[in-house]
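> 3D, please:
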Amino acid sequence: MLRFVLVFVLLQAVLFGAELTPWAQQYFVVPWTTALARIATGLVTLFDPDVVAAGKVIRSTANGFAVSIEAGCNGVEATIVLLAAMLAFPAPWKNRLIGLAAGIVAVQSLNVVRVISLFYLGQWSAALFELAHLYVWQALIMLDVLVVWLIWVRTLPRPADGDDAGPPPAATPAAA
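Presented below is the predicted three-dimensional model:
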């Protein structure tokens, strides 16, 4: 357990540090945030054609309201926490890769719902937008990371009997 915690914290430090580098921002974070805006806008335009994306901004052409997807709202940080947890936990690599693929899709899918809901909530009530943005959705996204990780841990293969019990006891001579 101590090993997991130490590796988890170390991986987060490295990944969060790497995320802040100009290279990661230019080649990963900004393109991902722009793609997130396009994905959310693409889904919204299925029922509301008055919405456009420009970079990381989603805007209503009907009323001019817009939201900008900033750091912390693009799901990158939540994905880093999930990545660190799955990589730090002792598991076969095949299970880690499958878990990461499914987990990233789950976290980012919920984040798309988050962005869309905040876009419409902001048009309805600035006070509720702030509450949902700063507290409700932050907690829900991190809860999603925890739930995804817990489900993944439960799907891992169990060690076979005796695999984690150490070497078998020494044979004792039979009593005559």
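
> Test my guess that residue 75 contacts residue 39.
No. Shown here, residue 75 and residue 39 do not form a contact pair, counting by Cβ atoms under 8 Å, at 10.9 Å. The way it works is simple: take the backbone N, C-alpha and C, and place the C-beta from them, glycine included.

> and these two? which has more neighbours close in?
Neighbour count, other Cβ atoms under 10 Å: between residue 75 and residue 39, residue 75 has more, with 25 against 17.

> Contact partners for that one?
By Cβ atoms under 8 Å, 6 or more residues apart in numbering, the contact set of residue 75 is 36, 107-108, 111, 141.

> what distance separates stretch 142-161 from the centre of its chain?
In this view, stretch 142-161 has its centroid 15 Å away from the chain centroid, taken as Cα atoms, centre = their mean, to the nearest Å.

> Then stretch 124-131?
On Cα atoms, centre = their mean, the centre of stretch 124-131 falls 24 Å from that of its chain.

> Stretch 111-123 now?
On Cα atoms, centre = their mean, the centre of stretch 111-123 falls 17 Å from that of its chain.

> What residues sit buried inside that stretch?
Residues of stretch 111-123 classed as buried: 111-112, 114-119, 121-123 (neighbour count, 16 or more other Cβ atoms under 10 Å).

> Next: stretch 63-75.
Quick answer for stretch 63-75 (16+ other Cβ under 10 Å): 65-67, 69, 73-75.

> For the residue most central in space within the chain, give me its contacts.
For the chain, the residue sitting closest to the mean C-alpha position, by Cα atoms, centre = their mean, is residue 79 at 3.1 Å. Residue 79 makes contacts with 104, 107-108, as judged by Cβ under 8 Å, 6+ apart.

> Among the residues you listed, which are located in helices?
Within these, residues falling in helices by DSSP state H are 104, 107-108.

> that older thread, doesn't the residue nearest to the centre of the chain fall inside a helix?
Yes. Residue 79 forms part of a helix when assessed by DSSP: H, G, I helix; E, B strand; the rest coil.

> any idea of the pLDDT on it?
With respect to pLDDT, residue 79 scores 96.

> still on that earlier bit, among the contacts of residue 75, which one has the most neighbours?
Of the contacts of residue 75, with other Cβ under 10 Å as the count, residue 111 tops at 24 neighbours.

> looking at it, it is touching residue 74, isn't it?
Yes. Assessed by Cβ under 8 Å, residue 111 is found in contact with residue 74 at 7.4 Å.
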